[in-house]
Structures are given as structure tokens and as C-alpha cells.
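# show me the folded form of this:
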Amino acid sequence: MLELKTFVAGLVTLQKAYIGWEFDIKDEMQVKIWYVPLQNLTEDQYKWLIKEYRNKNRYPPKCVKDLTDILVGVYYNRAKIKPERALEFVRDVISEKGGWDYGGKTEIYKVLAKYPPLEKTVREFEDTIKNMSANDTYAADRFRRAYEENLREYATTYTNEKLGLALPSGDKQALGTGTLPYEV
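Sure, this is the predicted structure:
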């Protein structure tokens, strides 16, 4: 758990890095509002987060979500199946399992269960995938964008759960593992 002293030191670092940042370290309520979402980080994670924010942003954080979004991005980028490769992966799984018919659908979803955002996307696009031609770029792009959205939503939920900002989703694979269930 992040000590308040370390937390405040990180805020001071941000104040020095962003001249004119109007964050009042003496305002107990303001410090608490920023501290609570980050209190479950380790000292090293927090220091990395402050450094990462400084390295990637020209402007000071407007709210604590600007910091937590960096963690969402980390989990999003660690997904084993990248959005540009997702449809190809799904087609490979469908092919390996003998197609949608004759029990193949059950086997397909067993494989996809390891990748919750991808499984959700496939369920949303099942009829489209069944009927689309191999060179249907419009449907492929829609699938990719939907998967990106589901992946970002999953990473956000996962991050919020790890930080203690949300109730656990009940996803037994993700809870208590410390990593996304399909992290590299």
C-alpha cells in the first residue's frame, strides 16, 4: 500500500515538473481525493506512474483519472491478441475446430473464453463472421473497432478493480491474479 508521504512526494514532483500546476498540497480534501484511487499501488508502481506521466504529457494532470488512464493503457497494450490480428485469430480458431456446425461452436467458445474481450466481440459479431467473405474489409474494420472498445473497457474495469475503485466483476480468472488472464 502506498504511504501518504510517498504519494505527496510524487505530487511535489509533478508540481515542479509542471510550473503553474494549481494543486494545493496543503488542502487535505484535495490530497485525499487524489490519494484514494492510487493508495493500493506499491511505492515502485507509483513512482513509475509519476515518471511515465511526466515523460508522456506536456500538460499537468487535470484529475486523477489522467494518471489511472496510464495503467489502463498498460493493460490494454499487454493483450496477447492485438486488434489488428483479432479477426485472423478467430478465423484460425474456427478453422481448427471445424467450423460453427456440429459442436464446433462450443469448442470455439471454449478457446475464446481465455480472451474475454475477444469472446464478447465474437458473440456480438457471430452472424457477421459466419456470413462474411474473406475480403470484406468493412465488416473486418467494424469487428476490429468493436474489439478495441471491448478490450479498453475490460482493461479499465480490471484497472479499477485492482485499484479498489470498483466492485469485483466476478471474473474468477482476473480477480486475484495480479495480471490480465491473457497477459504476455
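# tell me the buried residues in the host helix or strand of Leu118?
Assigned by DSSP states H and E, Leu118 belongs to helix 116-131. Counting neighbours by 16 or more other C-beta atoms under 10 Å, one finds that the buried residues in helix 116-131 are Pro116, Pro117, Leu118, Glu119, Lys120, Thr121, Val122, Phe125, Ile129. Bear in mind the C-beta positions are built from the backbone N, C-alpha and C, glycine included.
# separation between the residue located most distally from the centre of the chain and Phe143?
Here the centre of the chain is the reference, and by C-alpha atoms, centre = their mean the most remote residue is Tyr102, at 35.0 Å. Plainly put, Tyr102 is 24 Å away from Phe143 if you go by C-beta to C-beta, to the nearest Å.
# equivalent analysis for Tyr75, please.
Counting by C-beta to C-beta - Tyr75 and Phe143 are separated by 21 Å.
# next: Val12.
46 Å.
# of those two, who's got more company?
Phe143 (22 against 13; other C-beta atoms under 10 Å).
# touching, that one and Phe89? I think so.
No: in this structure, Phe143 is not within contact of Phe89 by C-beta atoms under 8 Å, at 11.2 Å.
# can you report how many residues neighbour Glu148?
Other residues near Glu148 come to 18 when the count uses other C-beta under 10 Å.
# spit out the contact partners of it.
Going by C-beta atoms under 8 Å, 6 or more residues apart in numbering, Glu148 touches Pro83.
# assign it to helix, strand or coil.
helix (DSSP: H, G, I helix; E, B strand; the rest coil).
# tell me the confidence at it?
Here, the pLDDT recorded for Glu148 equals 96.
# just to revisit the earlier point, would you say the residue farthest from the centre of the chain is within a strand?
No: counting by three-state DSSP, Tyr102 is not part of a strand but coil.
# the helix or strand harbouring Glu88 - what's its average pLDDT?
Secondary structure from DSSP H and E places Glu88 in helix 83-96. The average pLDDT within helix 83-96 is 94.
# contacting residues for the residue nearest to the spatial centre of the chain?
Computing the C-alpha centroid of the chain and ranking residues by C-alpha atoms, centre = their mean puts Ala155 first, at 1.9 Å. Listed by C-beta under 8 Å, 6+ apart, the contact partners of Ala155 are Val72, Gly73, Tyr75, Tyr76, Ala79, Leu180.
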